[in-house]
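Student: After the sequence you'll find the predicted model.
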Amino acid sequence: MEHTRIDTSVPHPARRYSYWLGGKDHFAADRESGDAIARAFPAVVELARANRAFLRRAVRYVAEAGVRQFLDIGTGLPAPDNTHEVAQRVSADARVVYVDNDPIVMMHAQALLVGDPRGRTAYIEADIREPAVILEHKELRDTLDLAQPVALLLVTTLHFVHDDAQVADITRQLIEPLAPGSFVVLSHGTMDFSNAEGIEAYERMFAARGTDVRARSRAVLAGYLRGLELVEPGIVPVADWHPEDPDAPRPVSQDLGIVGVVARKP
């Protein structure tokens, strides 16, 4: 794979997320960006960890429903319980294609994300803004059979695309070719749980490019999934989606939150 130049002076979401999760693969710009967002929205680190746990539970749910193919777009840097690890614990023959636009992520993925030999893992350096490039890529076609159900993972990825119409088009292009019985696993930043003061603080940060996350409402996200069957309990805070321990305390955000949903294509 031919990698583009890595600009470590510009923060990247995957490296900032790694910083919040306690990883080591980040640079000064990523840490400065992460700290600035955490100062404005103190719950963000706890939410990042809750989102990672949502990914684990959602992948396990889909794998236990019989899906053996996964397309994970916006992979992020390797961390415990990567998609192929969770899926292959359910079924060793699960196949996973990872996609990210950060060459550092791809280099680490190729080196570290080694799955069960009875399944398969593949890696594509591409941008979600070009869904046709992803869907037509040789690595994807060699690894996944789109005539069979696929789990499409869009976990804290779409909110980095700021234009609502573009996101609607991206999701349509990605979901349309999926076979019946496929699933979409989605999580996304939202201000649905914030008060007016929090929303104003977020809009100031977004306007000043202090954050690159375009928060969207649950109603808007539901529109992107029109025609799909939402798995209960629907679009909820990520910590509330099929929690492993329903009685355990869960993070409550009154500012920038993350909601998650799993939807099935009938």
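Tutor: Everything's here; your move.
Student: Distance from stretch 134-143 to the middle of the chain?
Tutor: Remark: stretch 134-143 is offset 19 Å from the chain centroid, using CA atoms, centre = their mean, to the nearest Å.
Student: residues of it that come out buried?
Tutor: Ile134, Leu135, His137, Glu139, Leu140, Thr143 (16 or more other CB atoms under 10 Å). In short, each C-beta sits where N, CA and C put it, glycine included.
Student: How about stretch 71-88?
Tutor: Buried-residue list, stretch 71-88, by 16+ other CB under 10 Å: 71-79, 82-88.
Student: So which residues of this protein form strands?
Tutor: 69-73, 95-100, 120-125, 151-155, 183-190, 229-230, 236-237, 257-264 (DSSP state E).
Student: Convert the C-alpha atoms of the second one to CSV, please.
Tutor: Taking C-alpha atoms only, strand 95-100 is exported to CSV below (Å, rounded to 0.1, in the frame of the first residue of the first chain):
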residue,chain,number,x,y,z
ARG,A,95,-14.0,-11.7,7.9
VAL,A,96,-13.3,-8.0,8.5
VAL,A,97,-12.3,-5.1,6.2
TYR,A,98,-10.9,-2.1,8.1
VAL,A,99,-11.0,1.3,6.4
ASP,A,100,-9.3,4.5,7.6
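Student: Give me the residues contacting it.
Tutor: Here strand 95-100 makes contact (CB atoms under 8 Å, 6 or more residues apart in numbering) with 14, 68-76, 83-84, 87, 106, 109, 113, 115, 119-126, 128, 134, 139-140, 143-144.
Student: switch the cut-off to 7 Å
Tutor: 14, 68-76, 83-84, 87, 106, 109, 113, 115, 119-126, 134, 139-140, 143-144 (CB atoms under 7 Å, 6 or more residues apart in numbering).
Student: quick one on the thing from earlier: nearest to Ala215 among the buried residues of stretch 134-143?
Tutor: Proximity of those to Ala215 (CB to CB) peaks at Ile134, which lies at 24.6 Å.
Student: Test my guess that the closest one contacts Ile124.
Tutor: Yes - contact criterion CB atoms under 7 Å: Ile134 and Ile124 qualify, at 6.3 Å.
Student: Now list whatever residues contact both of those two.
Tutor: Val99, Leu140.
Student: Check the burial of Pro180 by counting its neighbours.
Tutor: The tally of other residues near Pro180 (other CB atoms under 10 Å) stands at 8.
Student: whoops, Arg218 was the one
Tutor: By other CB under 10 Å, the residues close to Arg218 number 17.
Student: Let me see the contact set for it.
Tutor: Here Arg218 is in contact with Thr190, Asp192, Ile235, Val259 (CB under 7 Å, 6+ apart).
Student: mind listing what the residue nearest to it when sequence neighbours are not counted touches?
Tutor: Excluding the flanking residues, the one nearest Arg218 by CB to CB, 6 or more residues apart in numbering is Ile235, at 4.5 Å. Taking CB under 7 Å, 6+ apart, we find Ile235 in contact with Arg218, Leu221, Ala222, Val259, Val261.
Student: Quick check: the farthest pair among the buried residues of stretch 71-88?
Tutor: Every pair of these checked by CB to CB; the farthest is Gly74 and Gln88, at 20.3 Å.
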